[in-house]
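# return a 3D structure for these sequence lines:
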Amino acid sequence: MKSILRRLPYLLALSPGLSFAAEVDGASLSPAWGIPFVGILLSIALFPLFAAHVWHHHFGKITALWTLLFLVPFAFAFGPHDTFAVIVHALFAEYLPFIVLLFSLYTISGGILVWGNLHGSPRLNTTLLAIGVALASLMGTTGAAMLMIRPLLRANDNRKHRVHVVVFFIFLVANIGGGLTPLGDPPLFLGFLKGVGFFWTVEHMLLPVLLSSAALLTVFYFIDRYFYAREDELLPRDPSPDSPLRLYGSVNFLLLGGVIGAVLLSGIWKPGVAFTVMGTPIEWQNLMRDLLMLGLALVSLKVTSKQVRAGNDFDWGPIQEVAKLFAGIFLTIVPVLAILRAGSEGHLAGLVAAVTRTDGTPIDGMYFWMSGLLSGFLDNAPTYLVFFNLASGDAQTMMNELPRTLVAVSMGSVFMGALSYIGNAPNFMVKAIADQRGVPMPSFFGYMGWSCAILLPWFVLLTLFFF
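Numbering: from 1, shown residues only. Sure thing, here's the model as predicted:
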């Protein structure tokens with residue numbers, strides 16, 4: 001059968017013939033297997049820029065097409081049984097826990113409404129950004145961004161110079177603030193699913209997050225003070241006059257606490273009970289975690305009034321898009337991760353060499369910059385997985401023997417997701433809301449002008465300090 005398949009012209013480059021269960025032997029796989037994965041990432045990056053209407057209406061179909069371009073040749077090469085085993089492993093071991101967390105955080109945070117308006121002074125704006133940073137690691141960057149962006153925009157809606165406020169909001173709340181816990185940003189939760197300890201992330205990411213947040217908040221304060229002093233063209237009438245802030249849906253903070261408890265429970269409670277589906281073990285503590293989070297999300301929908309969600313302009317569009325895109329990403333990334341696991345024996349040995357010294361030890365600074373730059377343009381969650389597997393793929397090895405490498409991948413994936421609008425899901429969501437509220441947000445490359453000028457020098461300093 002293997003020899004027949006090798007004669008098929010369109011499969012010559014794909015190097016079939018692996019002994020296969022839920023894991024793939026990447027040493028025999030060609031890089032051509034990674035084309036569908038790269039295709040999805042490039043689609044995410046380019047379609048919103050050059051064919052936004054097509055992407056908005058057909059992103060699910062485009063993702064499904066790339067996914068089929070992986071699954072169909074794979075089924076021909078390895079058979080339906082092994083293909084189904086791969087699908088089960090990708091969905092049950094990685095995708096479903098990932099999307100359940102995002103769904104629960106998105107649903108519960110959407111039930112918390114901050115209503116009212118304050119005067120957007122430099123001190124107030126810096127305080128609101130700091131609050132958003134603190135919330136991001138507890139309710140996720142998406143939840144914190146959706147909760148805080150509207151009060152921030154209302155506070156500054158009579159100012160002429162406010163683009164920088166939204167830009168720094170994306171830097172801090174939609175990205176760097178989520179670096180403290182696995183709840184904060186999707187890359188870190190993927191690491192948690194791979195076995196990285198919840199409190200290991202808290203301990204080792206605390207200093208980078210605090211330093212970065214303090215530095216950028218300080219830079220923001222002085223930039224905002226500069227522009228605020230030149231606000232000689234305030235709108236004659238404030239679109240939303242000052243009024244005290246009020247908090248609605250506060251019961252959802254308790255539900256967020258429940259989500260945190262469910263995640264911690266799955267990392268601490270190990271009953272040793274599991275069942276296997278097509279070679280993929282489903283552990284009891286992980287199943288209970290996901291069911292608890294789904295239940296908490298349903299409770300939030302039940303107890304939160306429709307008026308509160310309407311005040312947040314809450315709808316299911318963003319989470320539906322994430323769910324469809326990442327279903328394709330988690331499937332098409334399978335052969336890429338397998339090739340990386342093969343290390344110097346795989347067809348991506350050049351990438352391994354670029355981040356590895358001659359003695360086999362990792363170059364942590366290169367891990368930081370390569371995982372970061374790719375996160376800025378290809379989405380940070382799959383990029384984290386790529387470099388996590390490139391370094392070792394084993395959480396215990398990463399935490400105990402290669403801790404600085406794991407910190408480098410975590411910092412790069414989380415922090416540099418702020419380099420462009422497409423680096424992290426909340427970035428574009430914040431931009432869209434700001435555009436809707438009349439803020440003249442910069443273009444794709446205009447935003448990168450801000451990020452390169454502000455963030456890249458800081459990332460150089462982080463490299464010198466940590467790596």
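
# please count neighbours and contacts with C-alpha atoms only from this point.
Fine.

# what about the strands in the stretch 1-150 of the chain?
113-117 (DSSP state E, counting those that start in this stretch).

# could you point out which residue ranges in it have low pLDDT?
Low-confidence segments of the stretch 1-150 of the chain (pLDDT under 70): 1-24, 117.

# do the stretch 151-300 of the chain as well
Ranges of the stretch 151-300 of the chain meeting pLDDT under 70: 232-243.

# one more time with 90
Applying pLDDT under 90 to the stretch 151-300 of the chain flags the ranges 151-162, 182-187, 189-195, 198, 227-250, 253, 256-257, 259-287, 289.

# now stretch 307-318: buried residues?
Across stretch 307-318, burial judged by 16 or more other C-alpha atoms under 10 Å covers 308, 309, 311, 312, 314.

# out of those, list just those in helices.
If you go by DSSP state H, those have 308, 309, 311 in helices.

# now, which of the residues you listed sits nearest residue 194?
Closest approach to residue 194 among these (C-alpha to C-alpha): residue 309, at 33.8 Å.

# quick one on the thing from earlier: closest one of the ones in helices among the buried residues of stretch 307-318 to residue 74?
residue 309 (43.4 Å).

# wait, doesn't the closest one sit right on residue 109?
No - using C-alpha atoms under 8 Å, residue 309 makes no contact with residue 109, being 9.6 Å away.

# okay if I get the buried residues of stretch 307-318 as TSV plus distance to residue 163 and pLDDT?
As requested, the buried residues of stretch 307-318 are exported to TSV (distance: C-alpha to C-alpha, whole Å; pLDDT from 0 to 100):
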residue	distance to residue 163	pLDDT
308	27	88
309	26	88
311	23	81
312	21	76
314	24	82
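
# residue 247 sits in which helix or strand?
Residue 247 belongs to strand 243-248 when elements are defined using DSSP states H and E.

# packing partners of that strand?
Where contact means 3 or more C-alpha pairs under 8 Å, 6 or more residues apart in numbering; DSSP states H and E, strand 243-248 is packed against strand 113-117.

# direction included, what does the strand it packs on pair up with?
With DSSP bridges as the test, strand 113-117 is paired with strand 243-248 (antiparallel).

# neighbouring contacts of the strand it pairs with?
Contacts to strand 243-248, defined as C-alpha atoms under 8 Å, 6 or more residues apart in numbering, come from residues 112, 113, 114, 115, 116, 117, 118, 308.

# now, among the residues you listed, which is nearest to residue 435?
Nearest to residue 435 among these, with distances taken as C-alpha to C-alpha, is residue 117, at 19.0 Å.

# A strand includes residue 216, no?
No - secondary structure of residue 216 (DSSP: H, G, I helix; E, B strand; the rest coil): helix, not part of a strand.

# burial measure for it, as a count.
Neighbour count for residue 216, taken as other C-alpha atoms under 10 Å: 19.

# show the contacting residues for it.
Contacts of residue 216 (C-alpha under 8 Å, 6+ apart): 168, 172.

# quick check: it vs residue 126, distance?
In this view, residue 216 and residue 126 are 10 Å apart by C-alpha to C-alpha, to the nearest Å.

# hmm, residue 126 and residue 217 touching each other?
Yes - with contact defined as C-alpha under 8 Å, residue 217 counts as touching residue 126 (6.4 Å).

# can you put the buried residues of stretch 307-318 in CSV and add distance to residue 276?
Shown next, in CSV, are the buried residues of stretch 307-318 (distance: C-alpha to C-alpha, whole Å):
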residue, distance to residue 276
308, 42
309, 39
311, 44
312, 41
314, 38
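
# and the residues you listed, which two are furthest apart?
It's 308 and 314 that sit farthest apart of the buried residues of stretch 307-318, by C-alpha to C-alpha, at 8.8 Å.

# which of the contacts of strand 243-248 sits closest to residue 202?
residue 112 (25.1 Å).

# now do the phi/psi pair for the closest one.
The phi/psi pair for residue 112 (degrees, to the nearest 10) reads phi -110, psi 120.

# ditto for residue 280
phi -100, psi 120.

# and the gap between residue 321 and residue 103?
In terms of C-alpha to C-alpha, residue 321 sits 11 Å off from residue 103.

# longest helix in the chain, by number of residues?
helix 122-155.

# neighbours around residue 356, how many?
18.

# swap in the one 3 residues further on?
By the measure other C-alpha under 10 Å, the count of residues near residue 359 is 6.

# mind checking what secondary structure it has?
coil.
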